[in-house]
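Trainee: Sequence first, then the predicted structure:
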Amino acid sequence: MTSALRARPTKAGVAKAEGDGSSWWISVGTILIFAVAWEVGPRLLEDRTLFPTLSDTLSGLVRLVTAGYWWEDLTSTLLSVVLAWMIGCSVGLAAGIALGTVPFVRTAITPYAIAVQALPKIVLAPLFIGWLGFGPQSKIAIAVVICFFPVWIDTMVGLALPKANEFKLMQSLNATRAQTFWKLQLPSAVPLIMVGVKHAMLLAFTGVLVAEILSASAGGLGTLTKEFSSQLNMPLTFAVVVVVVVIAITLVSIMDVIERRVVFWSEESRSRKS
C-alpha cells in the first residue's frame, strides 16, 4: 500500500508534465505562425526589395553557405569571439577576485572601474580601430572590453554573498584568508560568476559583430552584412542575420549546459524545491 502511494504521481507532477507538453506545442505553433507571416507578409508589399520572403531568405542562405568565402568569414568571427571571451573572462575574474578580497584594491580601483562601466562601450570602438588598425586585433579588443564587465561585477558581488556570521565562523576555526576564499567565498560566488560568464559570451559575440560592421576590412559575418546591405542584396543580408541568430542560440545553449555541469548543486536544489 505504501509503495503504491509512493509510485502514484502527484498533482504537481502531472501539472508540470502537462505544462511542458503544452509549452512545446505553443513554441511550435508560434514558429509556424512566424514562418507563414514572414512568407506571406512581404508578398503583400508593392516593393519587396527591402523585405525578402522566407523562401527568398532560405535561397540566399543556400547561396551563402555554398560560397567559398563564407567559411573564412565564419571562422574569423567565431575565433575572434572565443578568443575575446577567454581573455575578457580571465581578466574579469582576476579583477573581481582582487577587488572582492583585497579592500585596498577595491577602494583604489572601484571609482575608475565604475566610470568606465558607465561609458557606452561603442564609443571606444573608433579608438581601438585607430590604435590597432582594421584587422582582427581591434575587434577582439573591443569585444574584450565589452565582455569584461559582467564577469568582473558578478565575481566581485558573488564573493561578498557570504553573511557576516559565516565569516566569523571561519575566523573561529582559525581559517586563513586563502582558506576562507576557497572554502567559503568562491563556492558561494560560482553560480553568480557563471551567470556573468554566460552573459559575457553573448556580449563578446555582439562586440565582434559591431567591430566588423564598423571596420569594413576586418572580415567576418558583420562585414558580410554591411556589404550585402549596401548592395541592397537583402536575401543574403537576411541570410547572414539568420546565421547570427542560430549561432547566438547555439552559444547560449552550450553555456547553459556548462553552467548546469559546473553549478550542479544549484540545479539539484532547484529540482528539490520544485
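Mentor: Received the coordinates, thanks.
Trainee: For stretch 73-89, what is the distance to the chain centroid?
Mentor: In terms of Cα atoms, centre = their mean, to the nearest Å, the centre of stretch 73-89 is set 12 Å apart from its chain centre.
Trainee: List the buried residues in it.
Mentor: Buried residues in stretch 73-89, counted by 16 or more other Cβ atoms under 10 Å: 73-74, 76-78, 80-85, 87-89. For the C-beta atoms, the positions are set from N, CA and C on the backbone; glycine is no exception.
Trainee: Looking at the residues you listed, spot the one nearest residue 102.
Mentor: residue 89 (20.1 Å; Cβ to Cβ).
Trainee: ok, that closest one - contacts?
Mentor: 147, 151, 197, 200 (Cβ atoms under 8 Å, 6 or more residues apart in numbering).
Trainee: can you map out the helices along this structure?
Mentor: Under the criterion DSSP state H, helices of the chain are mapped to 2-7, 11-40, 54-66, 68-101, 103-118, 125-132, 136-159, 164-172, 177-180, 186-214, 221-230, 234-262, 264-273.
Trainee: Dump these into a markdown table; add distance to residue 47 and mean pLDDT as well.
Mentor: Below are the helices of the chain laid out as a markdown table (distance: least, Cβ to Cβ, whole Å; pLDDT from 0 to 100):
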| stretch | distance to residue 47 | mean pLDDT |
| --- | --- | --- |
| helix 2-7 | 64 | 44 |
| helix 11-40 | 16 | 69 |
| helix 54-66 | 14 | 89 |
| helix 68-101 | 28 | 90 |
| helix 103-118 | 43 | 74 |
| helix 125-132 | 33 | 81 |
| helix 136-159 | 34 | 90 |
| helix 164-172 | 65 | 85 |
| helix 177-180 | 66 | 86 |
| helix 186-214 | 25 | 91 |
| helix 221-230 | 16 | 89 |
| helix 234-262 | 11 | 91 |
| helix 264-273 | 51 | 56 |
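Trainee: right, so these: which one is the most enclosed?
Mentor: Among the helices of the chain, helix 136-159 has the highest mean neighbour count (mean count of other Cβ atoms under 10 Å), at a mean of 24.
Trainee: okay, the angle between that one and helix 103-118?
Mentor: Counting by axes from the mean of the first three to the mean of the last three Cα atoms, to 10 degrees, helix 136-159 lies at 130 degrees to helix 103-118.
Trainee: Helix 136-159 - contacts with which helices or strands?
Mentor: In terms of contacts (3 or more Cβ pairs under 8 Å, 6 or more residues apart in numbering; DSSP states H and E), helix 136-159 is packed against helix 68-101, helix 103-118, helix 125-132, helix 186-214.
Trainee: Restrict it to CA atoms and write it as CSV.
Mentor: The C-alpha trace of helix 136-159 is given here as CSV (Å, rounded to 0.1, in the frame of the first residue of the first chain):
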residue,chain,number,x,y,z
PRO,A,136,41.3,41.2,-36.0
GLN,A,137,43.2,42.9,-33.2
SER,A,138,40.8,45.8,-32.9
LYS,A,139,37.6,43.7,-33.0
ILE,A,140,39.0,41.4,-30.4
ALA,A,141,40.0,44.3,-28.1
ILE,A,142,36.5,45.8,-28.4
ALA,A,143,34.8,42.5,-27.5
VAL,A,144,37.2,42.0,-24.6
VAL,A,145,36.3,45.4,-23.1
ILE,A,146,32.6,44.7,-23.6
CYS,A,147,32.5,41.2,-22.1
PHE,A,148,34.9,42.0,-19.2
PHE,A,149,32.5,43.9,-17.0
PRO,A,150,29.7,41.3,-16.3
VAL,A,151,32.4,38.8,-15.2
TRP,A,152,34.1,41.4,-13.1
ILE,A,153,30.9,42.7,-11.4
ASP,A,154,29.4,39.3,-10.8
THR,A,155,32.6,37.9,-9.4
MET,A,156,33.0,40.8,-7.0
VAL,A,157,29.4,40.7,-5.9
GLY,A,158,29.4,36.9,-5.6
LEU,A,159,32.5,37.0,-3.3
